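Enquirer: can you look at this prediction? I've put the sequence above it.
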Amino acid sequence: MNTKSMRFRVSMWYTSIFSFAMAVLFVSFYFLTQQSLLSHTDAAIASHTDRIIDIIAQKDGNAMDSTFVNNSQAFAHQFTEMPGMVLIIGDPLGKILYSSQSLGGNEAVAEELLEKSANIIKPTFVNRSIGTSTVRLGVFPAKRSNDVKTLVIMGQPMDIIQNSLNALVITLVVVYIGVFILSLLGGIVLAGKAMNPVAAMSHQLKKISAENLNERVPNPITGDELEELSETFNGLLDNLHKAFARERQFIGDMAHELKTPLATIKSTIELTLHKARTNDDYKKAYADTLIDVNRLEQTVKNILDLAWIGAENAHTLKGTVDLSRIASDLQEIAEKLATEKKITVKATIASGVVIEGAEDKIFRSLLNIIDNAIKYTPSGKSVSLSVKKNKHHAFFVVKDTGVGISPDEQAHMFERFYRGSRTSRTVGSGLGLAIAHDIIKAHRGDIQVSSKPVQGTTMTVVLPLAGS
């Protein structure tokens, strides 16, 4: 398995988290079991000690010193039913008054425990090693009839409890290893099932190229992030397919626009050079050539504007632009463009409207909008433009009386290479409005469109005033 794959990492995360949770659970279970066993042991020790304390409470000091040991069998009988139990009675000074069994070299352990427990007021339980065994010892305060304080130590071997805990540890370790192996295998299987749709998408995406953008990744229909991812990929492929189609159309249009003027220029020059010409013939040839050169220049400008819009400096614009002066210049150009179609151009331009940005780019974008309005306005109609402002924004409004734009086409009119259904007879590449829109956006502005078919179109360019 590839250790860098998402499937491996998901399975490792799943196994690690599950194993950690099981480890915490098992450790908690062990300590709870240990505490429960110790609690039961302490309760048993306390139960047996209560009778001893009652007997001690009836003894006076002398009896405790002399006859108590002689009557030790009475005490021994209290715990003969529990083999291995230890009974030690002593005073707070560490002196052992009675022991149910020989302590041998472990008397120091008992004496030390008596001294440390001299001031206790309630039972205390500790573990101590006596001989080769670990004993659970309970220390209980008791008083004789003459109010002399006595300490009772009752102990029970921990061998059975410890053996039980050791067996529990072995069982838990074996179970943990089994659970770990099962969780690892389960993690690999679950990760595989979870990542299979992603692998299928990846496999399908590798097949997709510019030649078959109509292919789509499979939709797992799971209602989760994987389905959302597949829909996102398919949406991206839809956009790429449309973009490639429009780009092919654009390349075809550009090739046509470049081919026609170049062919015309070539034929004009060849015809002019074929034989001697008069000055008027040369002037006419130059005039025809200039028209085609202007068309080539327009095409090159479109390409350069697209490159500028994509550059980083398009969004770091500085400098001021007198929008009122630009609008006056555009009015003159609009009148020249409208002369051939006998379109009337009207203008209402407020003075002193200043914005920030690149003057040549602003001029270019507004000219594209005006040129578009005149192109799609029938002969004999009118086009109006106006400039106004409010407290924070400038407004450049172009209104035509042309064919209008349907609501469906308005959603696409600023897309690159897009040409509406009513533009088939109009020369163009589908870039003019797209370039204008992107330039305005780069200047933190917007273009608003209001249009109805056959009733004309109003396009309003909104730009922030300088310093606003």
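Expert: Looks like it arrived, so ask away. Numbering: from 1, shown residues only.
Enquirer: hey, let's count contacts and neighbours off CA atoms from now on
Expert: Fine.
Enquirer: can you give me the helices for the stretch 101-250 of the chain?
Expert: 107-116, 159-207, 225-274 (DSSP state H, counting those that start in this stretch).
Enquirer: tell me which of those helices lies nearest to Ala43.
Expert: helix 159-207 (14.3 Å; C-alpha to C-alpha).
Enquirer: return the list of helices and strands in contact with the closest one.
Expert: helix 6-57, helix 225-274 (3 or more C-alpha pairs under 8 Å, 6 or more residues apart in numbering; DSSP states H and E).
Enquirer: residues contacting Ala110?
Expert: Listed by C-alpha atoms under 8 Å, 6 or more residues apart in numbering, the contact partners of Ala110 are 88, 94, 96.
Enquirer: longest strand anywhere in the protein?
Expert: Counting residues, the longest strand found in the chain (DSSP state E) is strand 133-143.
Enquirer: mean confidence score for that one?
Expert: Throughout strand 133-143, pLDDT has a mean value of 87.
Enquirer: that one pairs with which strands?
Expert: Applying DSSP bridges, strand 133-143 is found paired with strand 124-130 (antiparallel), strand 149-157 (antiparallel).
Enquirer: how about the ones you listed in TSV, adding mean neighbour count?
Expert: Listed next are the strands paired with strand 133-143 as TSV, based on neighbours: other C-alpha atoms under 10 Å:
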stretch	mean neighbour count
strand 124-130	15
strand 149-157	24
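Enquirer: separation between the residue nearest to Glu215 when sequence neighbours are not counted and Asn219?
Expert: Nearest residue to Glu215, sequence neighbours excluded (C-alpha to C-alpha, 6 or more residues apart in numbering): Ile208, at 6.5 Å. Note on Ile208: its distance to Asn219, by C-alpha to C-alpha, to the nearest Å, is 16 Å.
Enquirer: do you know how far the nearest residue to Tyr14 once chain neighbours are set aside is from His203?
Expert: Using C-alpha to C-alpha, 6+ apart and skipping the chain neighbours, the partner closest in space to Tyr14 is Gly187 (5.9 Å). Per C-alpha to C-alpha, Gly187 is found 23 Å from His203.
Enquirer: do Leu258 as well
Expert: Distance of Leu258 to His203, computed by C-alpha to C-alpha: 41 Å.
Enquirer: neighbour-wise, which of those two wins?
Expert: Under the criterion of other C-alpha atoms under 10 Å, the comparison of Leu258 against His203 puts Leu258 first, with 18 against 12.
Enquirer: isn't that one right up against Leu296?
Expert: Yes - with contacts counted by C-alpha atoms under 8 Å, Leu258 reaches Leu296, the gap being 6.4 Å.
Enquirer: so who does the residue nearest to Pro261 when sequence neighbours are not counted touch?
Expert: Among residues not flanking Pro261 along the chain, Asp292 sits closest, at 4.8 Å (C-alpha to C-alpha, 6+ apart). By C-alpha under 8 Å, 6+ apart, Asp292 lies in contact with 261-262, 264-265.
Enquirer: cutoff 10 Å now
Expert: 257-258, 260-265, 286, 298 (C-alpha atoms under 10 Å, 6 or more residues apart in numbering).
Enquirer: farthest-separated two in those?
Expert: Glu257 and Tyr286 (19.4 Å).
Enquirer: which of these two has more neighbours?
Expert: Using other C-alpha under 10 Å as the criterion, Glu257 and Tyr286 rank with Glu257 on top: 19 against 16.
Enquirer: so what's Val387 bridging to?
Expert: The residues listed as beta-bridge partners of Val387 by DSSP bridges are Ile349, Phe396.
Enquirer: show the contacting residues for it.
Expert: By C-alpha under 10 Å, 6+ apart, the residues touching Val387 are 323-324, 327-328, 347-351, 353, 394-398, 460-461.
Enquirer: what about 8 Å?
Expert: Residues in contact with Val387 (C-alpha under 8 Å, 6+ apart) are 323-324, 327, 348-350, 353, 394-397.
Enquirer: quick revisit: phi, psi for the residue nearest to Glu215 please.
Expert: Ile208 adopts backbone torsions of phi -90, psi 130, taken as degrees, to the nearest 10.
Enquirer: domains in this protein, by residue range?
Expert: 6-165, 225-310, 316-464 (automatic domain parsing).
Enquirer: can you redo those domains as CSV with distance to Val174?
Expert: Below are the domains of the chain laid out as CSV (distance: least, C-alpha to C-alpha, whole Å):
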stretch, distance to Val174
domain 6-165, 11
domain 225-310, 38
domain 316-464, 67
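Enquirer: most packed of those?
Expert: domain 316-464 (a mean of 18; mean count of other C-alpha atoms under 10 Å).
Enquirer: on the three-state scheme, the residue lying closest to Glu115 once chain neighbours are set aside is what?
Expert: Nearest non-adjacent residue to Glu115, counting by C-alpha to C-alpha, 6+ apart: Gly94, 4.9 Å away. Recorded secondary structure, Gly94: coil (DSSP: H, G, I helix; E, B strand; the rest coil).
Enquirer: quick one, phi/psi of Gly94?
Expert: phi 100, psi 0.
Enquirer: cool, and the one 4 residues further on?
Expert: The main-chain torsion angles of Tyr98 are listed as degrees, to the nearest 10 and equal phi -160, psi 140.
Enquirer: for it, give its distance to Glu115.
Expert: Distance, Tyr98 to Glu115, by C-alpha to C-alpha: 15 Å.
Enquirer: again with Ile369
Expert: In this view, Ile369 and Glu115 are 104 Å apart by C-alpha to C-alpha.
Enquirer: what do you get for Ser324?
Expert: 105 Å.
Enquirer: cool, and Ile208?
Expert: Ile208 is 87 Å from Glu115, by C-alpha to C-alpha.
Enquirer: what do you get for Ser28?
Expert: If you measure Ser28 against Glu115 using C-alpha to C-alpha, the figure is 35 Å.
Enquirer: same question for Ala334.
Expert: Counting by C-alpha to C-alpha, the gap from Ala334 to Glu115 is 113 Å.
Enquirer: now Thr460
Expert: For Thr460, the distance to Glu115 - C-alpha to C-alpha - is 99 Å.
Enquirer: so Ile221 touches Glu227, yeah?
Expert: Yes - with contact defined as C-alpha under 8 Å, Ile221 counts as touching Glu227 (5.6 Å).
Enquirer: re the thing from before, of all the strands paired with strand 133-143, which lies closest to Ile269?
Expert: Here strand 124-130 is closest among these (C-alpha to C-alpha), at 115.1 Å.
Enquirer: so Leu385 belongs to a helix, correct?
Expert: No - applying three-state DSSP, one finds Leu385 to be strand, outside a helix.
Enquirer: identify the residue nearest it in space, chain neighbours excluded?
Expert: Excluding its sequence neighbours, the residue lying closest to Leu385 (C-alpha to C-alpha, 6+ apart) is Val398, at 4.5 Å.
Enquirer: distance check, the residue nearest the centre of the chain against Leu323.
Expert: Note on the chain: the residue nearest the mean C-alpha position is Glu225, at 11.9 Å, using C-alpha atoms, centre = their mean. Applying C-alpha to C-alpha, the value for Glu225 to Leu323 is 49 Å.
Enquirer: kindly reformat the strands paired with strand 133-143 as a markdown table and extend each row with mean pLDDT.
Expert: As requested, the strands paired with strand 133-143 are exported to a markdown table (pLDDT from 0 to 100):
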| stretch | mean pLDDT |
| --- | --- |
| strand 124-130 | 86 |
| strand 149-157 | 86 |
